[in-house]
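> here is my input, please return the structure:
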Amino acid sequence: MNALCCCLPELCYGIKHDLRPAHSCDTHWLTLLDHPEDTMSVKAFKLVSAVEREMLMGDKNYINIECIECCGKNLYIGTNDCFIYHFLLDEKVSTAGKITFAATKQLHKYLGLKKPVSELKAASALTRLLVLCDNTITLVNMINLEPVPTGARIKGAVTFTLNENPVSGDPFCVEVCIISVKRRTIQMFLVFEDRVQIVKEVFTPEQPCAVAVDGYYLCLALTTQYIILNYNTGVSQDLFPYCSDEKRPIVKRIGRQEFLLAGPGGLGMFATVDGISQRAPVHWSENVLGAALCFPYVVALDDEFITVHSMLDQQQKQTLPFKEGHILQDFEGKVIVATNKGVYILVPLPLEKQIQDLLASHRVEEALVLAKGARRNIPKEKFQVMYKRILQQAGFIQFAQLQFLEAKELFRSGQLDVRELISLYPFLLPTSSSFIRSHPPLHEYADLNQLTQGDQEKMAKCKRFLMSYLNEVRSTEVANGYKEDIDTALLKLYAEANHESLLDLLVSENFCLLTDSAAWLEKHKKYFALGLLYHYNGQDAAALQLWVKIVDGDIEDSTRSDLYEYIVDFLTFCSDQELVWKYSEWILQKNEEVGVQIFTKRPLEEQEKNNINPDDIVSCLNKYPKARVKYLEHLVLERKIQKEKYHTHLAVLYLEAILQLKSVTTDNCTETTELVLKLRSLLQKSDLYRIRFILDKIQGTDLHMESAILYGKLEEHEKALHILVHELKDFHAAEDYCVWNSENRDVQYRQRLFHLLLSVYLTAGTSDCALVMAAVDLLNNHPAEFDAGLVLQVVPDSWSVQLLSPFLAGAVRQSIHTRRMTQVALGLAQAENLIYKHEKVKQKGAPILLSDKKVCQVCQNPFCEPVFVRFPNGSMAHTHCAANRHLNSNVTHHSPSSSNQT
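Numbers count the residues shown, from 1 in each chain. The predicted model follows:
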């Protein structure tokens, strides 16, 4: 037995105790059963009288209504005195929207059996009315109520129903299912205009009490249980038990392969032909008499009330007092209820109005559930428009309750025009915006002040939500067409809240309207941000003017403590040269060393094009010595510009600064040391400055090392080494001098410098021990740089071999190394020569035949003498043709490296 059947016992008894159903559904409906008054404020239906007592029976109180049938405007009523009444129902709508029905009696017909008319069913395709009276189903004409001439009828029927999902495929017949007077028997008939035909007879386990049909499936209420029976295959499926003696069974087809049943415990159970329930049950009265469907509602009738239940959330939505009712049926979406004496119609209120009523009472979830359920009854395009609006309204309700997450999702799902939300906040929309709120309005609030009733905390929360929401949607499709309004509103919110994202907004792509945004930023004293706004809109001059005022203290804005450095960086990358020159004086006056960056750190492409002439910059920096030095260093050392004037100028500035510092203090301070090192580096590495000019300036100073460097540049090495050795007595510097001066020179030049230094050491004789030791150290430390034979000729005879043993060992090692390397090179050359000889022998090894039939590949003439040139590809040519440089292309693309053979 399947899930529905298994879960029912627990469901039946559990409902009476803890209200926990056994199967999966929305548990919220169970809670509401204890508080039905909470769920009954929806007015889904209005009860309207259709046929009053006087129209039907006049003063004949004994006449009672037994059954009804409605087909279009045609209403048929069967009575206990064997009459059938035919009325035409005319629906009327007043200017106020009130619906009434006017019933016009067409005729009545007495069947002559003196038994009540038990059931009526219309077969509009056949223009026939099926009438059950005295266990016989008679076919009568729908218009004149006359029986068909053939007298076709079905006998022995306790009750019957029509198959609304027929399987015969014949449009000119209807399928009828009856509960037969025979015990435990169901019969299937085909009914035509003037005849009937039995199709199937099915036997049931118990006596059937009620039946509904869908295709081949019968849903049966037996004596003790409900079952599903496939009359074509005979397969049955038990649903759940009930007792027919205690209550009236209800079996109603509500859709394709789905039925509604009156279950135990006052539950309206849904079941499919597979025996499962796809919907949670509805909770109605224990003594329900009838049920009808008007999607999305199930309507139930008991002794005193008509109750309306939602199929979407299983909640009871409405209760209508209605006594003495005993018939409740739905006909093509029209719900009709009847007492013994009168007929009434439950007129459904438009779903839109129901939804709006729910929204008005802030019952958002119910409204959304009802709106979703309405999809099947409303054209797709109309539904989409309606549903979006409902989502937007629901979003504003949640927003007003500060349920921001829920509101955001509803706004997104409803594709809200974000300006509807922005318009709630005073002054956020730009003054140029043409936005007009939706009509009818989506909410009841004039602005945020009314919504929050002046509560500043709530107002702050609402503003934080809008900031977050606008930041999320500004880069999505929601912002299309409204980007100016969104970004301008977001800027205003950021500025008002002093939010850190204000700067991020302004330095990235944005659509903030300049006029509104500028006024707002100025109002909130966000001058730095205002400068960014001006810059984004191409007004760099206005931006710089503001920022300069902030740095100068004319206006206050503490956004950036490093605003001066920011302005320097801004001007560095500014392409407007006029602005750069305009503010260069102000920049340099504030800080020379930082300010000069507007010239030294400009984009490489711009510097290479010399958009700003370096000479003009140097002239501008004459008043700022530190900046001038920094800029010349940039030109000479970083950009490596090969111009004499910049190199000379920088060297002179170094020299002047050093002399100035030396004139002030006799001690070498850190600044002096740094400048001396910079000067030496420049003098050593650069070859572009005016050497004589600098040397003249150094004469008479104590800058001996620099003088030596300059003499070296003039190739006056003896003077330079004399200064280093005799005046500075810096032997290590003298050795370094020989090294760096001989860089990228040949070996002979390098040896000449070292021999020259040795001669300087030795010219003073051997009386100066320091010079002697310097000479010995020079030889021992650099043996490879000397010609040993020449050294032995100049060193004093008094020097011992032990004193020069490192030098001699090094010299011998170098000599041996040189000899061995020469032998290696000679061996490699001999091997290469041998390879070439081998190739030549190989070429001579194969004979070459020359006959009078062979021709020169160049001139195509025969050979007159046995002298020729052979190319690697085997072709041959005259010697004079091969010498010709303009050879034919079929020969010239080969390298003529072959030997001559005769």
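> pick out the residue closest to the middle of this structure.
Centroid-nearest residue in the chain, with CA atoms, centre = their mean: residue 476, separated by 8.5 Å.
> tell me the domain boundaries of this protein?
Per the TED database, the structural domains of the chain span 379-525, 561-623, 847-883.
> okay, and the beta partners of residue 293?
Under the criterion DSSP bridges, residue 293 forms beta bridges with residue 298.
> which one of the domains of the chain lies nearest to residue 536?
Ranking those by proximity to residue 536 (CB to CB) places domain 379-525 first, at 6.1 Å. To be clear about C-beta, it is placed using only N, CA and C from the backbone, and glycine gets the same treatment.
> is it true that residue 853 lies in a helix?
No - if the criterion is DSSP: H, G, I helix; E, B strand; the rest coil, then residue 853 is coil and not within a helix.
> pLDDT score for it?
We have a pLDDT of 79 for residue 853.
> contacting residues for it?
Residues near residue 853 by CB atoms under 8 Å, 6 or more residues apart in numbering: residue 862.
> against residue 875, how distant is it?
Counting by CB to CB, to the nearest Å, the gap between residue 853 and residue 875 amounts to 15 Å.
> residue 871: neighbour count?
17 (other CB atoms under 10 Å).
> isn't it right up against residue 877?
Yes - with contact defined as CB atoms under 8 Å, residue 871 reaches residue 877; the gap is 7.3 Å.
> is the residue lying closest to residue 324 once chain neighbours are set aside in a bridge, and if so with what?
Sequence neighbours aside, residue 339 is the residue nearest to residue 324 in space, at 4.5 Å (criterion: CB to CB, 6 or more residues apart in numbering). Beta-bridge pairing of residue 339, defined through DSSP bridges, involves residue 325.
> surely residue 339 touches residue 66?
No - with contact defined as CB under 8 Å, residue 339 does not count as touching residue 66 (11.7 Å).
> quick one, which of these two is more surrounded?
A side-by-side neighbour count of residue 339 and residue 66, using other CB under 10 Å, places residue 66 first with 24 against 16.
> wait, a strand at the more buried one?
Yes - looking at residue 66 with three-state DSSP, it is inside a strand.
> counting neighbours, what do you get for residue 561?
Residue neighbour count, defined by other CB under 10 Å, stands at 8 for residue 561.
> swap in residue 108?
The local packing of residue 108 (other CB under 10 Å) involves 14 other residues.
> now for residue 339 and residue 66: what residues contact both?
With contacts taken as CB under 8 Å, 6+ apart, residue 339 and residue 66 have no neighbour in common.
> need the next SSE after the worst-scoring helix or strand of the chain on mean pLDDT, C-terminal direction.
Ranking every helix and strand in the chain by mean pLDDT, DSSP states H and E puts helix 28-33 at the bottom, with a mean of 34. Using DSSP states H and E, the helix or strand that follows helix 28-33 in sequence is strand 45-51.
> show me which residues of that following strand are buried.
Neighbour counts over strand 45-51 (16 or more other CB atoms under 10 Å) mark 45, 50-51 as buried.
> do stretch 841-850 as well
For stretch 841-850, by 16+ other CB under 10 Å, it's residue 850.
> start to end distance for that stretch?
Taking CA to CA, to the nearest Å as the measure, stretch 841-850 stretches 20 Å from start to finish.
> and stretch 518-528, how far out from the chain middle?
Chain-centre distance of stretch 518-528: 32 Å, with CA atoms, centre = their mean, to the nearest Å.
> buried ones in it?
By 16+ other CB under 10 Å, the buried positions in stretch 518-528 come out as 518, 520-521, 524, 526-528.
> looking at those residues, which two lie furthest apart in space?
520 and 528 (14.4 Å).
> show me what the biggest helix by length in the chain is packed up against.
Longest helix of the chain, by residue count under DSSP state H: helix 805-845. Judged by 3 or more CB pairs under 8 Å, 6 or more residues apart in numbering; DSSP states H and E, helix 805-845 is in contact with helix 769-781, helix 788-794.
> could you list every helix and strand in contact with the last one?
Judged by 3+ CB pairs under 8 Å, 6+ apart, the packing partners of helix 788-794 are helix 747-763, helix 805-845.
> name the helices or strands packed onto the helix or strand that the longest one is followed by?
In the C-terminal direction, the helix or strand that comes right after helix 805-845 (DSSP H and E) is strand 868-870. Of the remaining helices and strands, those touching strand 868-870 by 3+ CB pairs under 8 Å, 6+ apart are strand 876-877, helix 879-883, strand 900-901.
> the first one pairs with which strands?
Okay, so that is strand 876-877. If you go by DSSP bridges, strand 876-877 pairs up with strand 868-870 (antiparallel).
> so what's the residue count around the closest residue to residue 155 other than its chain neighbours?
Once flanking residues are discounted, residue 155 sits nearest to residue 136: 5.1 Å by CB to CB, 6+ apart. For residue 136, the tally of surrounding residues (other CB under 10 Å) stands at 16.
> so who does residue 136 touch?
153-157.
> list buried residues within these.
The neighbour-count criterion (16+ other CB under 10 Å) marks 153-154, 157 among the contacts of residue 136 as buried.
> so the nearest residue to residue 71 once chain neighbours are set aside versus residue 733, what's the distance?
Spatial nearest neighbour of residue 71, excluding adjacent residues (CB to CB, 6+ apart): residue 122 at 3.9 Å. Noted for residue 122: a distance of 125 Å to residue 733, by CB to CB.
> same deal with residue 880?
To residue 733, residue 880 is 68 Å away according to CB to CB.
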